[in-house]
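[1] Sequence below, structure please.
(2 chains)
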2 protein chains.
Amino acid sequence: MELLNRIGENARAASRELAGLSGAARDRGLEAIAQGLLDAREDILAANEEDLKAGQSSGMRDAMQDRLRLTPERIAGMAAGIREIIALPDPIGRTLSGTTAPNGLKIRKVTVPLGVIAIIYEARPNVTSDAAALCLKSGNAVVLRGGKEAIRSNQAIAGCMRRALRSAGIDENCIQLIEDTSHETAEGLMKLNGYIDVLIPRGGAGLIRNVVMNSTVPVIETGAGNCHIYVDRTADVDMAAEIIYNAKTSRPSVCNACESLLIHRDIAARALPAIRARLAEKQVEIRGDEQVCAILGDAVPATEEDWGTEYLDYIISAKTVGSVEEAIAHINRYSTHHSECIVTQDYQAAQQFQDGVDSAAVYVNASTRFTDGGMFGFGAEIGISTQKLHARGPLGLPELTTFKYLIDGCGQVR
Amino acid sequence: MELLNRIGENARAASRELAGLSGAARDRGLEAIAQGLLDAREDILAANEEDLKAGQSSGMRDAMQDRLRLTPERIAGMAAGIREIIALPDPIGRTLSGTTAPNGLKIRKVTVPLGVIAIIYEARPNVTSDAAALCLKSGNAVVLRGGKEAIRSNQAIAGCMRRALRSAGIDENCIQLIEDTSHETAEGLMKLNGYIDVLIPRGGAGLIRNVVMNSTVPVIETGAGNCHIYVDRTADVDMAAEIIYNAKTSRPSVCNACESLLIHRDIAARALPAIRARLAEKQVEIRGDEQVCAILGDAVPATEEDWGTEYLDYIISAKTVGSVEEAIAHINRYSTHHSECIVTQDYQAAQQFQDGVDSAAVYVNASTRFTDGGMFGFGAEIGISTQKLHARGPLGLPELTTFKYLIDGCGQVR
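    Sure thing, here's the model as predicted:
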């Protein structure tokens, strides 16, 4: 595709320039963007208003409208987010390790930008500035392909960011938005080998699966979270109820929310009513196996499909198990390998659970909601990786870099 | 594909068991394999003899026969290689970093196996034991899909390794060989999402490209090396000739061999005859641009295609450039991003070259042949990655691991 090849060429050229800029120069670009967003607030809000009108007239759901909507406060939040990124340490040019070989070769492993990062995302326009800022801070050119619902907002934000880059003396093609939101541009981006170093999809399970199955460019898979909480035989029942209540209801639409509850049979009759009582405060529907339904008269019978479902809603599946081993096996089978938790007072069970569960974050006695770049102390994140290659868990600035080996010699041959 | 799904299930189950084994138990398995290979020497040699006969009768080239051929010494070398791997530190269970969050959550980032690694390779049967040993050491189950030319040798080696695992009390499915060498099994392996965590192709450019373009499983690209040596204006001519001679001729068929020579115009007339004199000792053909051909009367005129070609033979392309910048731009355009070198006495040029060249290993005044796990002090390697995600350069044991976050709390909610 002609358009994409041109964007790819531009991005590659911009990434070479960017790789030569100092951290201070990249930070000056980011500050220009933060101030630029504040200065262009009226234009961005007007463009967003048009997106919202178009959405309303085509019957967009309220939840979607809320994700699309910008306000003066949200734009101030975008600018503040960029200033937080400026304050983070430069991830580029760090020596990760180094050695002198027996023959005198000095070998250093030093962080460098990935090069060109492409991001395919859906309706939230703040992703446009968040993602671009993280990429710029880490020395990467970015190609943004947002959803059609937010295209006018994204154009206004990207245009403003590109003007800011120009004013800071940086190639504006460090940030490019694909304005054609047809399927063809998304599919084309997935095949743009040679220009794109990594593609990160941000959005629902359908988008992510499409990218994983069709991309020939390397992908970092993000976002799907069928997170489990296992209440062990020795759990403190109040703690279990509090953690489940928090993990399920504090923000049900996010990937680190709890979707499935496992409970040891020995404690089920005592713990389930207490858990149900807390969840009832938010009208959470419980879909249980036979034993759960026998204990809680009002639970809905679960089907096989429930065990693998990420509801993103006020619904939780619940299953009884006979042992920690059984809980681990169930989780490893049905989980999306995002975040899982055991609630227990038993040292051995805690160790076994953390050793045996194959997920990015494995908790003892804490809410799965903590799987988050900010909470982990990374300062900012571009998503939560659920794959094992390159990055697992919150994707912070270090995960947006690669490295090269620099070798200094004085004529060594082999 | 029924066969592959069964192999995938077996591998997944074996990888779960393997993840629970101590480093000492994995090392005992490796020692059983090393001894088993020595004990089964006669059987392996007999199977290899059959492969060689089949190859000869179907007109296999000598170079290919040499790669396929096993000898008592080569089998002893395979066993010795495994014992070297045993001696390496355990890459699993290392705490990479850790912190205590303000709310008291203790967060640790700990290395764990990737899970199941698949390897598609060609005619060299020693890959079967090398790759399996590296995977076992790093706690990964492995699925091996070798070439049809080596199938009898691979069956003998894999059978021997599986018996050794059983004798050490380890699930033999930690090592599985796909005995059906049809295209369908290779293609099927590339789509075995859910079972295979990473696919590593080892072989020629055609195989690697096929895997990159068709795999929906995450891939680590290896092996293609169009490596450059740039002779700067201030280079020591003798050093330059020695480095180029070594990098081109010490082993022309490997990926870290030099394929292309760039030379500053100011030094070309003086340096090229000296370089040519060294290369002539091994009858290396020089394919030069106009100026190279004018200086060296016997050089063959290069075409555009030569700049992008990995000869893996006694041939080198040669081009004059006017500056370090021009050399960098040429390399970033034509290189496979493996290994490149500048020969210079100029501090500024050395810095500029290392900063500007976008390759896994960037040398000053040393042969590109040093890009190798052993030379870098990694002890063993499964290939050289030319991609930027997850691993770049020599793939040692640490690159065969991922990590998980282990979080210890006492009831924290968000």
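[2] Going by C-alpha atoms from here, please, whenever you check contacts or count neighbours.
    Will do.
[3] Residue in the stretch 251-400 of chain A with the shortest distance to chain B?
    Per C-alpha to the nearest C-alpha, the residue of the stretch 251-400 of chain A with the smallest distance to chain B is residue A:390, at 3.5 Å.
[4] Please identify the helix or strand for that residue.
    Per DSSP states H and E: residue A:390 is located in neither a helix nor a strand.
[5] Can you report how many residues neighbour it?
    21 (other C-alpha atoms under 10 Å in any protein chain shown).
[6] in the one helix or strand residue A:33 maps to, what counts as buried?
    Using DSSP H and E, residue A:33 sits within helix A:23-39. Applying a neighbour-count criterion of 16 or more other C-alpha atoms under 10 Å in any protein chain shown, one finds A:23, A:25-38 buried in helix A:23-39.
[7] Could I get the average pLDDT for it?
    On average, the pLDDT along helix A:23-39 is 98.
[8] Which neighbouring elements make contact with that helix?
    Secondary structure elements in contact with helix A:23-39, counted by 3 or more C-alpha pairs under 8 Å, 6 or more residues apart in numbering or on different chains; DSSP states H and E, are helix A:72-87, helix A:126-137, helix A:151-167.
[9] same thing but at 10 Å, please
    Applying 3 or more C-alpha pairs under 10 Å, 6 or more residues apart in numbering or on different chains; DSSP states H and E, we find helix A:23-39 packed against helix A:2-19, helix A:41-57, helix A:72-87, helix A:126-137, helix A:151-167.
[10] who wins for proximity to chain B among these?
    Short answer: helix A:2-19, nearest of these by C-alpha to the nearest C-alpha, at 7.9 Å.
[11] closest to residue A:119 out of the helices and strands packed on helix A:23-39?
    helix A:126-137 (7.9 Å; C-alpha to C-alpha).
[12] anything in the closest one near chain B?
    No - residues of helix A:126-137 contacting chain B under C-alpha under 10 Å from any C-alpha of the partner chain: none, with a closest distance of 15.2 Å.
[13] Determine the set of other helices and strands touching that helix.
    So helix A:126-137, by 3+ C-alpha pairs under 10 Å, 6+ apart, packs with helix A:2-19, helix A:23-39, helix A:72-87, strand A:106-113, strand A:116-121, strand A:141-145, helix A:151-167, strand A:175-177.
[14] so which of the helices and strands packed on helix A:23-39 gets nearest residue A:196?
    Nearest to residue A:196 among the helices and strands packed on helix A:23-39 is helix A:2-19; the distance by C-alpha to C-alpha comes to 7.1 Å.
[15] Just want the angle from that closest one to strand A:106-113.
    130 degrees (axes from the mean of the first three to the mean of the last three C-alpha atoms, to 10 degrees).
[16] does chain B sit close to helix A:2-19?
    Yes - contact between helix A:2-19 and chain B, assessed by C-alpha under 10 Å from any C-alpha, occurs at A:16-17, A:19.
[17] Kindly report the residues of the stretch 201-350 of chain A close to chain B.
    With the criterion set to C-alpha under 10 Å from any C-alpha, the stretch 201-350 of chain A comes near chain B through A:211-220, A:236, A:238-240, A:242-247, A:250, A:329, A:332, A:338-339, A:341, A:343-345, A:350.
[18] Let's verify the nearest residue to residue A:104 once chain neighbours are set aside: helix, strand, or coil?
    Spatially, and ignoring its direct neighbours in sequence, residue A:104 is nearest to residue A:409 (7.1 Å; C-alpha to C-alpha, 6 or more residues apart in numbering or on different chains). Following DSSP: H, G, I helix; E, B strand; the rest coil, the label given to residue A:409 is strand.
[19] Quick one: distance of stretch A:278-285 to the chain centre.
    Put simply, stretch A:278-285 sits 27 Å off its chain's centre (C-alpha atoms, centre = their mean, to the nearest Å).
[20] CA atoms only for that stretch - export them in CSV, please.
    Extracted in CSV, the C-alpha atoms of stretch A:278-285 (Å, rounded to 0.1, in the frame of the first residue of the first chain):
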residue,chain,number,x,y,z
ARG,A,278,-19.8,-8.0,49.9
LEU,A,279,-20.4,-8.6,46.2
ALA,A,280,-24.1,-8.0,46.6
GLU,A,281,-23.4,-4.4,47.5
LYS,A,282,-22.7,-3.9,43.8
GLN,A,283,-25.3,-6.4,42.5
VAL,A,284,-22.6,-8.8,41.2
GLU,A,285,-24.0,-11.9,39.6
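[21] and it, which residues are buried?
    A:278-279, A:284-285.
[22] try stretch A:186-195
    Buried residues in stretch A:186-195 (16+ other C-alpha under 10 Å): A:186, A:188-193, A:195.
[23] ok, how many other residues are close to residue A:307?
    Neighbours of residue A:307 (other C-alpha under 10 Å): 24.
[24] neighbours around residue A:97, how many?
    Neighbour tally, residue A:97, other C-alpha under 10 Å: 10.
[25] do the same with residue A:236
    Residue A:236, neighbours per other C-alpha under 10 Å, totals 17.
[26] OK, contacts around it?
    A:267, A:271, A:343-345, A:365, B:411 (C-alpha atoms under 10 Å, 6 or more residues apart in numbering or on different chains).
[27] Thanks again, I'm all set now.
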